[in-house]
Structure formats: C-alpha cells, structure tokens
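[1] Mind looking at a prediction? Sequence and model below.
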Amino acid sequence: MANRYDREMDAIHPKGHEFEFLLLRKNGTPMGLLKLRPLPTPGTAMAWIYLRNAADYADEAVRKSFRFLLGEAGKQQGLQYLLAACGPFDAGLEEFLAATGFQRGGAQRQALFLRGAYHDVAWYSAALAA
C-alpha cells in the first residue's frame, strides 16, 4: 500500500510502539520486513508484511517460515489476533496471506487514493495459536 521508498524509510525509522522483525535469508541477507502495531484491543495488532522480491510471496519455504514466525511472535508478544490490509496492486501479498493462515474479512471501499484514483483495500485477519 506504499511504495518501496516509503517501506524502506519505515524500516530505517521505526515508531517506538511498533515491533519490527527483519526477515532474513539463510545466508543473512535481508529479504523483507514484518511490522506489528498493537491495537487498543488486548492481544490484537495490525500487521504489515513486505517482501522485497515479489517472487518470494509464492515460495513455499518462505510461507512455512512465516507461519512459524507468526506463531513465535504471538507467543512472545502475547498476540492472539492479527489484522492486515492489502492494496489493489498486491495480488502476490493476498495469495501469501491466504496461504499463511489469514482469512479475507472484507473490503473497505475506496479507502486508498493511489495513482490518481480511489481503490478498495482488502482486510485479512489471522488467529494466532495461544
């Protein structure tokens, strides 16, 4: 829902109340970012997932690792429920969310102004194992 520059700037300059997990390959090179922002409802957080290489969204090894990471984040941060938004140009992210246990909850109509037009935003949710 943001361009690459915005996502990278957010990674470099995080807000104090957000938790960020740098996603690394086995060789230690960065591949993406998971950002969690707690919501007022206890045990609930917004999640932003960004993978630098769009092909990684379809990689089964990445999906399996991400499911494990979500479980660990849930335990360590006391999270029970995650919400994630997906913009109109993030088809790979939508498939990734569905494959990692998120369910589509609905759409917020014309919630995003991008590239000169208003677009719907899809909302996904996931219940984390306690």
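    Cool, the structure landed.
[2] and for the longest helix seen in the chain, what are the contacting residues?
    Ranked by residue count and defined by DSSP state H, the top helix of the chain is helix 60-77. For helix 60-77, the external contacting residues (Cβ atoms under 8 Å, 6 or more residues apart in numbering) are 19, 21, 23, 31, 34, 36, 38, 45, 49, 51, 56, 79-80, 82, 96, 99-101, 126, 128-130. (C-beta placed from N, C-alpha, C; glycine too.)
[3] same thing with stretch 24-37?
    So stretch 24-37 is in contact with 7, 10-11, 14-15, 17-23, 45-53, 56, 62, 66, 69, 73, 77, 79, 82, going by Cβ under 8 Å, 6+ apart.
[4] ChimeraX command for the buried members of those residues?
    A single ChimeraX command selects the buried members of the contacts of stretch 24-37 (16 or more other Cβ atoms under 10 Å):
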select :7,10,19,23,45,47,48,49,50,51,56,62,66,73,79,82
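[5] Among the contacts of stretch 24-37, which lie within strands?
    Among these, the ones falling in strands (DSSP state E) are 19-23, 45-51, 82.
[6] and the residue nearest to the spatial centre of the chain, what is it in contact with?
    The centre of the chain sits closest to residue 49, judged by Cα atoms, centre = their mean, with a distance of 2.5 Å. Residue 49 is in contact with 32-34, 66, 84, 93, 96-97, counting by Cβ under 8 Å, 6+ apart.
[7] Could you tell me which ranges of the protein sit under the pLDDT cut-off?
    1-3, 7, 10-16, 129-130 (pLDDT under 70).
[8] Now stretch 42-60 - C-alpha only, CSV.
    What follows is stretch 42-60, C-alpha atoms only, in CSV (Å, rounded to 0.1, in the frame of the first residue of the first chain):
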residue,chain,number,x,y,z
PRO,A,42,-5.7,-6.5,24.1
GLY,A,43,-3.9,-9.3,22.1
THR,A,44,-4.6,-7.7,18.8
ALA,A,45,-2.2,-6.0,16.3
MET,A,46,-2.0,-4.6,12.8
ALA,A,47,0.5,-6.4,10.6
TRP,A,48,2.4,-5.1,7.6
ILE,A,49,4.2,-7.6,5.5
TYR,A,50,6.7,-6.6,2.9
LEU,A,51,9.0,-8.9,0.9
ARG,A,52,11.5,-7.1,-1.3
ASN,A,53,11.3,-9.7,-4.1
ALA,A,54,7.7,-10.3,-5.3
ALA,A,55,8.5,-13.9,-6.2
ASP,A,56,9.2,-14.7,-2.5
TYR,A,57,5.4,-14.3,-1.8
ALA,A,58,4.9,-17.6,-3.8
ASP,A,59,7.8,-19.5,-2.3
GLU,A,60,6.5,-22.4,-0.1
